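> Sequence first, then the predicted structure, then my questions.
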Amino acid sequence: MSDPIKQRYSFSVLRDRLSQHGRPIVNFALGEFDRSLPAALSEEIRESSSLMMKRHSSADLAEFSAAAVDYLARQYGVEVSPAEILPVPGGRSAMTALASCVLEPGNGVVVTEPGYPVFARLAEHHHARILIARLDPEREFAPRLDEISQEAADSVRLVALNYPNNPTGAVISEKVATALEGRFGRETVLFNDAIYGPLTHEGTAHSILGKDLSGIQEYRALELHSLSKLFPLGPLGIAFLAGSAPLIEEIRHYTDFAWSPSSSLQMHATMRCFQSTDHTAEIRQYFQARLERLRETLMDVGFEPYPSPGGMYLLCKAPTAVGGVTTPTAQAAADVLLDDFDLAVVAWDGQPHGYLRFSSLYSAKDLQLLGRLGDRLTLAGH
């Protein structure tokens, strides 16, 4: 195996480091979601707890698929059929199944930088060739697919996107669609991890399954959806894949062997979340307000956050010096912030840019402590 495959998951490494820090941490790296489930949903789950021991039925699956179809129509204006829906235990399980069904050794796989690192690792395990598409901050973080050679583009089997994007907060747009138009073969699979889909704060939420963006319809599209960022269901929450019926059917056959089926309670609890439109709107406003408070504080202490039309994070260009210490990389800046200021953030390094990601899942005390660091940080070169 190559060295990148043997490396640990970066967020697991970060959690270990924070647990060993030895002093109280001002935590803007990971955070905790402190909201509860709607009372009616919590009560319904308690009353139906016996369904956790019952495997979902064909009727449960049909009801779940119909609810997912309605959710996509309401949230994104997307029309799909129940045959184009597949419930999955979670996002990483879905990506594992997709990679197993689609990729062969030597296939080209496009992943974005910065971006959620999981799919690149899974693709490497299938001996795919990873091609990096840099997200351009000058173009609303649309991917620079023009930097991939035509020879490399001809080998691409799958393009993995993540909009709304973690960590940039960018949403899918015409700039993204234009970058994709005519770039790869018609059999290329276009996958979008839309886990943050409900958290679109500016304008209309878009989907790669919709008809409102030109340049995307030419690909075999598959999208991952979940409400895990809105409803703290823990292991009860499940996600779903939506898109190309032949791809969905192929992955469905794979999952018969790959994992145990979901329970009836998991299906019903997630369906109820699809229907909780008032709660979804409330949590969207919750994150908008927290992001705005965080943005104001970051600017007060010297950072310059990028616009964040979606998601639950703010991204800042990494400073070249923190507290008088030169920081040539984003990771170096994050290390100084943690070691010297007890401030935890997530670093993203990728040429030619380095970034620091701040989570909106902060405590009120953390926000106050961050605001008091301004005179000491003396940031430079951001």
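Perfect, thanks for sending it.
> CA atoms for contacts and neighbours, from now on please.
Fine.
> Next SSE downstream of the lengthiest helix in the chain?
Taking DSSP state H as the criterion, the chain has its longest helix at helix 277-301. Counting by DSSP states H and E, the element after helix 277-301 in chain order, helix or strand, is strand 313-317.
> what packs against the helix or strand that comes right after that following strand?
Downstream of strand 313-317, the first helix or strand assigned by DSSP H and E is strand 321-322. On a contact count with 3 or more C-alpha pairs under 8 Å, 6 or more residues apart in numbering; DSSP states H and E, strand 321-322 meets helix 330-341.
> other SSEs contacting the helix it packs on?
strand 321-322, strand 343-344, strand 346-350, strand 353-359.
> residues in contact with the first one?
Put plainly, it is strand 321-322. If you take C-alpha atoms under 8 Å, 6 or more residues apart in numbering as the criterion, strand 321-322 is touched by 327-328, 333, 336-337, 377-381.
> what's the answer for the last one, then?
Contacting residues not belonging to strand 353-359 are listed as 28-31, 167, 312-318, 329-330, 334, 345-349 [C-alpha under 8 Å, 6+ apart].
> So what angle separates the directions of the longest helix of the chain and strand 313-317?
Taking axes from the mean of the first three to the mean of the last three C-alpha atoms, to 10 degrees, one finds helix 277-301 and strand 313-317 inclined to each other by 30 degrees.
> Could I get the average pLDDT for helix 277-301?
The pLDDT scores in helix 277-301 average 93.
> Now it: buried residues?
279-280, 283-284, 287-288, 290-291, 294-295, 297-298, 300-301 (16 or more other C-alpha atoms under 10 Å).
> what angle sits between it and strand 353-359?
Going by the same axes, to 10 degrees, helix 277-301 makes 120 degrees with strand 353-359.
> How far does helix 277-301 sit from its chain's centre?
In terms of C-alpha atoms, centre = their mean, to the nearest Å, the centre of helix 277-301 is set 17 Å apart from its chain centre.
> just so I have it, where are all the helices in the protein?
3-6, 10-19, 39-47, 58-76, 91-102, 118-125, 150-154, 174-180, 245-258, 264-275, 277-301, 330-341, 364-371, 374-377.
> what does the last one contact?
The set of residues external to helix 374-377 that reach it, using C-alpha under 8 Å, 6+ apart, is 300-302, 322-323.
> pLDDT weak spots in the protein?
Along the chain, segments meeting pLDDT under 70 span 1-6, 381-382.
> I figured Ser264 hits Ser58, correct?
No. Contact status for Ser264 versus Ser58: not in contact, 10.1 Å apart, counting by C-alpha atoms under 8 Å.
> Compare the two (neighbour count), which wins?
More neighbours surround Ser264 than the other of Ser264 and Ser58, with 22 against 9 (other C-alpha atoms under 10 Å).
> Pull the contacting residues for that one.
By C-alpha under 8 Å, 6+ apart, the contact list for Ser264 reads 51-57, 60.
> on that earlier part again, who wins for proximity to Cys273 among the helices and strands packed on helix 330-341?
strand 353-359 (23.7 Å; C-alpha to C-alpha).
> Partner strands of that closest one and their direction?
Under the criterion DSSP bridges, strand 353-359 sits next to strand 313-317 (antiparallel), strand 346-350 (antiparallel) in its sheet.
> coming back round to it: want to try JSON lines for the buried residues of helix 277-301, with distance to Glu47 as columns?
Putting the buried residues of helix 277-301 into JSON lines (distance: C-alpha to C-alpha, whole Å) gives the following:
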{"residue": "His279", "distance to Glu47": "21"}
{"residue": "Thr280", "distance to Glu47": "23"}
{"residue": "Ile283", "distance to Glu47": "25"}
{"residue": "Arg284", "distance to Glu47": "28"}
{"residue": "Phe287", "distance to Glu47": "30"}
{"residue": "Gln288", "distance to Glu47": "33"}
{"residue": "Arg290", "distance to Glu47": "33"}
{"residue": "Leu291", "distance to Glu47": "36"}
{"residue": "Leu294", "distance to Glu47": "39"}
{"residue": "Arg295", "distance to Glu47": "42"}
{"residue": "Thr297", "distance to Glu47": "43"}
{"residue": "Leu298", "distance to Glu47": "44"}
{"residue": "Asp300", "distance to Glu47": "48"}
{"residue": "Val301", "distance to Glu47": "49"}
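> Just give the nearest non-adjacent residue to Glu84, would you?
Using C-alpha to C-alpha, 6 or more residues apart in numbering and skipping residues adjacent in sequence, the residue nearest Glu84 is Ala245, 4.8 Å away.
> Burial check on Ser214, number of neighbours?
Counted with other C-alpha under 10 Å, the neighbours of Ser214 add up to 16.
> Just give the nearest non-adjacent residue to it, would you?
Ala177 (6.1 Å).
> just Pro89 next, same as before
Pro89 sits nearest to Ile238 (C-alpha to C-alpha, 6+ apart), 4.9 Å away.
> so how far is Val171 from the one you found?
For Ile238, the distance to Val171 (C-alpha to C-alpha, to the nearest Å) stands at 23 Å.
> When the two are compared, which one has more neighbours?
Neighbour count, other C-alpha under 10 Å: between Ile238 and Val171, Val171 has more, with 31 against 22.
> phi, psi of that one?
phi -110, psi 160 (degrees, to the nearest 10).
> residue contacts, it?
With C-alpha under 8 Å, 6+ apart, Val171 has these contacts: 163-165, 200, 205-206, 309-310.
> ok, it to Arg139 distance?
In terms of C-alpha to C-alpha, Val171 sits 12 Å off from Arg139.
> so what's the closest residue in space to Leu369 that isn't next to it in sequence up against?
For Leu369, ignoring the flanking residues on the chain, the nearest one in space by C-alpha to C-alpha, 6+ apart is Val26 at 6.9 Å. By C-alpha under 8 Å, 6+ apart, the contact set of Val26 is 342-344, 366, 369-370.
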